[in-house]
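J.: Make a model of this:
(one chain, ligands or ions: 2)
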Amino acid sequence: MSSGTDRGRCRDSRNPTGNTTTGPSASDSVGSLLAAIANLIANGLRILSFSDKRQWGPDEHEQVHALEDALDEARKDFQELSPLVNGQLQYEADRTHASLEELRALRDKFHTHIDCLRDWSRSGGPIDPTWVRDTHILQRDLHLAQYRAARRIFASGQESTSRCLGAFLVHRKQRDWATRQVAGVEEGAYQKRYLEELRACNRVGSFQRFGDEDIAFVCDFCDGHLIWEDLDRMPSVRTAHEDATWPAAPAAPVSPTGGNPQWQATGFSHSKHEEKQVVFAPEAIANHIAPHPGDWQARLLCPICEAEAAKPQDQDDEEYVWRPDNIFDDIPAFQEHLEWQHTTTTTIPAPTGNNCILM
Ligand SMILES: [Zn+2]
Ligand SMILES: [Zn+2]
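T.: Ligands and ions are numbered 1, 2, ... in the order given. So this is what the prediction gives:
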């Protein structure tokens, strides 16, 4: 993603190189760089608050709101991410090289951006309306930079074959439902849960059309792509509910104790518009692993094999051997494994009808 500040016209006239960097410092940390960025945004707001408001039109007010939004989101992200990486102190003190590089570049872009506002306040006249868009782009870049920084800290405490932080957040939600599950769950509760699962996914990344026929999910934490090939729209419910004995004794969609896992959703192929079974999106998203460096496709691990492996094993039982290196390179490989290993025939169809979400 490129920053719109590169197009900022004030920089071209005043500082053709755009070189407003303060340079790398040995004392830089994620915390110090985030603080520097927050200060720059606060400076921007201060500059606007001291300017002559009698001349203001809608563009000036919109610029204030854009800066306020950027600051609010940065603060919110910081507060939400800290507890996921063992607290604020650890997050602030982090010095992962890639995170520092990314945040330094971003600080410099904010620096240039705020300089534009300072020049405008000195010269007067109407504000450049394109700067609002620049602020929005920088806000998005800052959001992603914080997510990625948190993911790097999270990954450093895990095996390289473990879930991405984004996957972990969806997986944790599914686990909560599994443990809260009580007998006699009604139809509406399933529908609500599927929606909440998709909502959890939308908080860690986004669905988008990929090429003419495919649908991608892109994780904000690892930038990994999951690709569903030849799919018209992403289905929003599972094909069948979890347990054949439902509603007497339903199990969770992903039952850590085994049960009757239902990973399928019914979609339509984009090319032929025929019904087809696909991996229910949250099922894949909750189990993705960040791509290898330089790669773009997220990998996947099987949660059902993982749960099986967590059970006490019989010494002589060679039927089930969990191999943590048994990682799937993409959705088709993951689906093939699920079809061969974890497909049950006794299913209770979920209600059909309007079961697709618009992306
Ligand atoms: Zn991810
Ligand atoms: Zn498996």
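J.: tell me the mean pLDDT for stretch 342-352?
T.: Mean pLDDT, stretch 342-352: 57.
J.: Tell me which residues touch the residue in the stretch 1-150 of the chain that ligand 1 sits nearest to, please.
T.: Closest approach between the stretch 1-150 of the chain and ligand 1, counting by CB to the ion: residue 147, at 8.9 Å. Backbone N, C-alpha and C define where each C-beta goes, glycine included. The contact partners of residue 147, by CB atoms under 8 Å, 6 or more residues apart in numbering, come to 77, 81, 165-166, 220-221.
J.: Buried residues of the helix or strand hosting it, list them for me.
T.: Per DSSP states H and E, residue 147 falls inside helix 130-156. By 16 or more other CB atoms under 10 Å, the buried positions in helix 130-156 come out as 131-132, 134-135, 137-139, 141-155.
J.: what do you get for stretch 209-229?
T.: 210, 214-229.
J.: Provide the secondary structure category for residue 230.
T.: coil (DSSP: H, G, I helix; E, B strand; the rest coil).
J.: ok, it to ligand 1 distance?
T.: 23 Å (CB to the ion, to the nearest Å).
J.: That residue contacts residue 273, correct?
T.: No. The criterion here is CB atoms under 8 Å, and residue 230 misses it with residue 273 at 10.3 Å.
J.: Tell me which of these two has more neighbours.
T.: residue 230 (18 against 9; other CB atoms under 10 Å).
J.: Let me see the contact set for the more buried one.
T.: 213-214, 269-271, 276.
J.: In TSV: the residues you listed, plus pLDDT.
T.: Listed next are those as TSV, based on pLDDT from 0 to 100:
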residue	pLDDT
213	95
214	97
269	95
270	93
271	93
276	94
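J.: among those, which two are most distant?
T.: 214 and 276 (13.1 Å; CB to CB).
J.: list residues touching both of the two?
T.: 230-231.
J.: Enumerate the residues of this structure near ligand 1.
T.: By the rule CB under 5 Å from the ion, the part of the chain lying against ligand 1 is 164, 166, 219, 221-222, 224.
J.: which residues in the stretch 101-250 of the chain form helices?
T.: 130-156, 165-180, 187-204 (DSSP state H, counting those that start in this stretch).
J.: Pipe these into a markdown table and attach mean pLDDT per row.
T.: As requested, those are exported to a markdown table (pLDDT from 0 to 100):
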| stretch | mean pLDDT |
| --- | --- |
| helix 130-156 | 97 |
| helix 165-180 | 89 |
| helix 187-204 | 88 |
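J.: Of the ones you listed, give the one that comes closest to residue 287.
T.: helix 165-180 (6.0 Å).
J.: Which pLDDT value belongs to residue 8?
T.: pLDDT at residue 8 comes out at 44.
J.: since we're on the residue of the stretch 51-200 of the chain found nearest ligand 1, how many residues are nearby?
T.: Nearest residue of the stretch 51-200 of the chain to ligand 1, counting by CB to the ion: residue 164, 3.1 Å away. Residue 164 has 28 neighbours, counted by other CB under 10 Å.
J.: Surely it is in contact with residue 290?
T.: Yes. Using CB under 8 Å, residue 164 is in contact with residue 290, at 4.6 Å.
J.: anything in contact with each of these two?
T.: By CB under 8 Å, 6+ apart, the residues touching both residue 164 and residue 290 are 151, 155, 219, 221-222, 224, 298.
J.: Now distance to residue 94 too, for the residues you listed, in TSV please.
T.: Formatted as TSV, the shared contacts of residue 164 and residue 290 follow (distance: CB to CB, whole Å):
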residue	distance to residue 94
151	11
155	12
219	20
221	15
222	17
224	21
298	23
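J.: Can you tell me which of the residues you listed is nearest ligand 2?
T.: Out of the shared contacts of residue 164 and residue 290, the member with the shortest distance to ligand 2 (by CB to the ion) is residue 298, at 17.1 Å.
J.: Residue 55 contacts residue 124, doesn't it?
T.: Yes. Checked against CB under 8 Å, the pair residue 55 and residue 124 is within contact range at 7.4 Å.
J.: quick one: terminal-to-terminal distance for stretch 215-235?
T.: 11 Å (CA to CA, to the nearest Å).
J.: number of nearby residues for residue 178?
T.: Around residue 178 there are 18 residues (other CB under 10 Å).
J.: mind checking how far it is from ligand 2?
T.: From residue 178 to ligand 2 the distance is 17 Å (CB to the ion).
J.: and the gap between that residue and residue 286?
T.: Between residue 178 and residue 286 the distance, using CB to CB, to the nearest Å, works out to 12 Å.
J.: Repeat that for residue 303.
T.: 7 Å.
J.: Can you give the distance from stretch 164-176 to the centre of its chain?
T.: 11 Å (CA atoms, centre = their mean, to the nearest Å).
J.: Output it as PDB - backbone C-alpha positions only.
T.: Taking Å, rounded to 0.1, in the frame of the first residue of the first chain, the C-alpha atoms of stretch 164-176 are listed here in PDB:
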ATOM      1  CA  CYS A 164      -1.000 -16.600  13.100                       C
ATOM      2  CA  LEU A 165      -2.300 -14.200  15.800                       C
ATOM      3  CA  GLY A 166      -5.300 -13.400  13.500                       C
ATOM      4  CA  ALA A 167      -6.100 -17.200  13.400                       C
ATOM      5  CA  PHE A 168      -5.600 -17.500  17.100                       C
ATOM      6  CA  LEU A 169      -8.200 -14.800  17.800                       C
ATOM      7  CA  VAL A 170     -10.900 -16.600  15.700                       C
ATOM      8  CA  HIS A 171      -9.800 -20.000  17.100                       C
ATOM      9  CA  ARG A 172     -10.100 -18.700  20.700                       C
ATOM     10  CA  LYS A 173     -13.600 -17.500  20.000                       C
ATOM     11  CA  GLN A 174     -14.600 -21.000  18.600                       C
ATOM     12  CA  ARG A 175     -13.100 -22.600  21.600                       C
ATOM     13  CA  ASP A 176     -15.100 -20.400  24.000                       C
END
